[in-house]
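Student: Give me a 3D structure for the following:
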Amino acid sequence: MQTRRLGDVDVSSIGLGGMPMSIEGRPDEARSVATIHAALEAGITFFDTADAYHRDAGEVGHNESLIARAIASYGGDTSGVLVATKGGHLRPGDGSWTLNGSPEYLKQAAEASLKRLGVEAIGLYQFHRPDPKVPYGESVGAIRDLLDEGKIRFAGISNADPEQIKQANDILGGRLVSVQNQFSPAFRSSEPELELCAELGIAFLPWSPLGGITKASELGSRFAPFADVAKAHGVSPQQVTLAWMLAKAPVVIPIPGSSRPETIRDSALAVDLTLTAAEVAALDAA
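Tutor: Okay, the predicted model is just below:
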């Protein structure tokens with residue numbers, strides 16, 4: 001598996017987003033564990049989760065615990081695995097989402113995530129989503145404190161605009177290592193954030209890169225150029241999508257969600273797919 005830089009470490013160029021394994025419609029645990037093990041076998045060393053990735057009230061951190069158990073039960077070497085999680089976005093258990101970006105809450109949430117993941121320091125901790133009730137600088141300041149205290153190894157933000165990226169990097173003293181924003185063939189409004197991350201050397205982590213849980217399978221039928229390129233290479237439109245993202249900038253690390261071994265194996269193959277400049281241009285224009 002090819003790698004890309006996140007902070008001062010190398011991680012796999014494709015990550016695994018754990019959300020589909022823990023929210024509505026989730027599979028049984030055996031299949032989820034098999035999916036995580038398939039990712040590890042394919043060389044994936046970067047896993048993204050959040051304390052809010054759960055379905056029911058009372059099971060906060062379901063996905064964090066699931067990923068931790070699956071990695072621990074894997075028979076191979078996991079010393080190079082980096083797990084990223086997030087705090088500040090909550091699910092009461094009724095399908096809705098709420099926000100809490102207060103420094104006090106973020107620090108409590110990080111402590112709880114630390115215990116669920118069973119690590120000495122969280123690999124990458126990300127402020128999940130800006131809370132309009134809390135000044136952005138105060139929320140990021142809590143992430144800085146966690147970094148200074150050694151409770152997290154790297155600091156990131158999610159769902160941020162260019163000004164928030166710059167502000168966060170300043171508050172963190174130039175130690176912002178990643179920005180996780182929505183980006184896919186259907187959702188391209190994060191292009192400015194991607195370009196800024198490339199300029200600053202900050203990893204850009206597209207979430208829902210294939211269009212989301214319910215639409216990933218429709219990617220080829222919704223975007224003909226992606227289907228055309230896939231046919232020319234004899235691969236899936238999903239592989240083409242991830243290869244297209246990788247070609248956009250060396251800081252891009254897509255994190256497709258998956259709940260089946262076969263889909264994460266297919267996604268992992270995108271690192272070996274080389275697109276021509278003409279193909280990339282056609283996909284950009286799609």
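
Student: Show the subsequent helix or strand relative to the lowest-mean-pLDDT helix or strand in the chain.
Tutor: Scoring the helices and strands of the chain by mean pLDDT, DSSP states H and E places helix 219-222 at the bottom, with a mean of 87. Going down the chain from helix 219-222, the next helix or strand is helix 224-233, by DSSP states H and E.

Student: what mean pLDDT would you report for that next one?
Tutor: Regarding helix 224-233, the rounded mean pLDDT is 96.

Student: Please identify the buried residues of it?
Tutor: Buried positions in helix 224-233, judged by neighbour count with 16 or more other C-beta atoms under 10 Å: 225-230. For the C-beta atoms, the positions are set from N, CA and C on the backbone; glycine is no exception.

Student: Output that helix as PDB, nothing but the C-alphas.
Tutor: Output of helix 224-233 as PDB, limited to C-alpha atoms (Å, rounded to 0.1, in the frame of the first residue of the first chain):
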ATOM      1  CA  ALA A 224     -21.000   9.100 -16.600                       C
ATOM      2  CA  PRO A 225     -17.300  10.200 -17.000                       C
ATOM      3  CA  PHE A 226     -16.400   8.200 -13.900                       C
ATOM      4  CA  ALA A 227     -18.100   5.100 -15.400                       C
ATOM      5  CA  ASP A 228     -16.400   5.700 -18.700                       C
ATOM      6  CA  VAL A 229     -12.900   5.900 -17.200                       C
ATOM      7  CA  ALA A 230     -13.700   2.800 -15.000                       C
ATOM      8  CA  LYS A 231     -14.700   0.800 -18.100                       C
ATOM      9  CA  ALA A 232     -11.500   1.900 -19.900                       C
ATOM     10  CA  HIS A 233      -9.400   0.600 -17.000                       C
END
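
Student: which residues touch residue 235?
Tutor: 269, 273 (C-beta atoms under 8 Å, 6 or more residues apart in numbering).

Student: Could you list every helix and strand that the least confident helix or strand of the chain packs against?
Tutor: helix 224-233, helix 237-248 (3 or more C-beta pairs under 8 Å, 6 or more residues apart in numbering; DSSP states H and E).

Student: The shortest one vs helix 237-248, what angle?
Tutor: Interaxial angle of helix 224-233 relative to helix 237-248 (axes from the mean of the first three to the mean of the last three C-alpha atoms, to 10 degrees): 100 degrees.

Student: Just name whatever secondary elements helix 224-233 is in contact with.
Tutor: With 3+ C-beta pairs under 8 Å, 6+ apart as the test, helix 224-233 has helix 219-222, helix 237-248, helix 277-285 packed against it.

Student: Then the longest one?
Tutor: Helices and strands in packing contact with helix 237-248 are listed as helix 219-222, helix 224-233, helix 261-268, helix 277-285; criterion 3+ C-beta pairs under 8 Å, 6+ apart.

Student: Residue 110: which of the ones you listed is closest?
Tutor: Judged by C-beta to C-beta, the one of the helices and strands packed on helix 237-248 that comes nearest to residue 110 is helix 261-268, at 27.1 Å.

Student: Figure out how far the closest one is from the centre of its chain.
Tutor: Counting by C-alpha atoms, centre = their mean, to the nearest Å, helix 261-268 is centred 16 Å from the centre of its parent chain.

Student: Equivalent analysis for stretch 85-93, please.
Tutor: So, by C-alpha atoms, centre = their mean, the centroid of stretch 85-93 is 15 Å from its chain's centroid.
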